[in-house]
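Peer 1: sharing a model prediction with you, sequence too.
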Amino acid sequence: MEKPLTNALASAVIRILRPLVRIFLRNGLPYGVFADLARWVYVDVARKEFGIAGRKQTDSRVSVITGLSRKEVRRLRQMTPPTNTEAAERYNRAARVIAGWRRDADFHTKSGRPASLPLDGEAMSFSRLVQRYSGDVPPRAILDELVQVGAVSHTRDGRLRLSAGAYLPAGDPTKLHNILGTDVALLIDTIDHNTRPNTSPRLQRKVAYDNISTEALEKLRSMCGREGQRLLVKLDKALSREDRDANPDAGGTGRHYVGVGVYYFEQPVDKSAASPDGTSDEGE
């Protein structure tokens, strides 16, 4: 690998790892566990994605690709990594229910706003909403999840009211860290795609300025949150029209996971160092 590319990747790794290591240390994940997981991922990716067509991937080849010994490759290949599939699925189902409640006119008032729903009923009810957007999961399980994170509340007459426009389990580190594993991976996957030759670039943009005053932060946070949510609602409607679960008439072949993420960031600027991100629109 050419030295400029090696240096660029090494610098990128440090930038990516710094906030991750901060999370790891704050939550008691020791270096040894992280190192073992990193080795396992190296072996798993090499085995599944870097084989030679028509030939079985061997421990020897994986050893050459990863730089790990064959003994270590064999050990890691037999290792069962921790998974959180259940939590990820629960997050996806809860998010789909909220999105459906926001956009589906069958669960709106005459003025077009999400209606307060009874738990059960043949027509407009929370149970029917869950059935439409979350399959055969018990409505009570979804309700308990949404109430716990503050996305749904009870009205005085016992109906259920949508209290938040999105599923964000604030205050629950386990659920928030599950989102870390999902959303960060999707962003890096897009960057990986965009760095490959002869590919049609995916959306990867940001705007950033490095001389913003402390007094302006609250105003910018509020504005970015409001405008970001407005954009996501618009995109959600467009994507749902092509999703065959939400719209069985969409048709077509194959199955793809498609979405757009929007996030706000702010960091204090170290005056002794260069600007972390520059001041212009970046990406492809």
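Peer 2: Looks like it came in fine.
Peer 1: and residue 35, how close does it get to residue 28?
Peer 2: 15 Å (CB to CB, to the nearest Å). All C-beta spots, glycine's among them, are computed from the backbone N, C-alpha and C.
Peer 1: the two: who's more crowded?
Peer 2: Legend: neighbour count by other CB atoms under 10 Å for residue 35 and residue 28, higher for residue 35 (10 against 7).
Peer 1: all strands for the stretch 151-284 of the chain, in order.
Peer 2: 152-154, 160-162 (DSSP state E, counting those that start in this stretch).
Peer 1: which parts of the helix or strand bottoming out on mean pLDDT in the chain are buried?
Peer 2: Between all helices and strands in the chain, the lowest mean by mean pLDDT, DSSP states H and E belongs to helix 85-103, at a mean of 81. For helix 85-103, the neighbour count (16 or more other CB atoms under 10 Å) marks 87, 90-91, 93-103 as buried.
Peer 1: excluding its backbone neighbours, what's nearest the one residue sitting closest to the centre of the chain?
Peer 2: A centroid search over the chain (CA atoms, centre = their mean) returns residue 183, at 2.1 Å, as the residue closest to the centre. Leaving aside its sequence neighbours, residue 183 sits nearest to residue 261 (CB to CB, 6 or more residues apart in numbering; 6.1 Å).
Peer 1: any idea how far the one you found is from residue 176?
Peer 2: Distance from residue 261 to residue 176, counting by CB to CB: 15 Å.
Peer 1: picking that back up, who's in contact with the residue nearest to residue 183?
Peer 2: 183, 186-187 (CB atoms under 8 Å, 6 or more residues apart in numbering).
Peer 1: before we move on, the earlier item: now for the strands of the stretch 151-284 of the chain, which one comes closest to residue 110?
Peer 2: Nearest to residue 110 among the strands of the stretch 151-284 of the chain is strand 160-162; the distance by CB to CB comes to 16.4 Å.
Peer 1: for that closest one, packing partners?
Peer 2: helix 85-103, strand 152-154 (3 or more CB pairs under 8 Å, 6 or more residues apart in numbering; DSSP states H and E).
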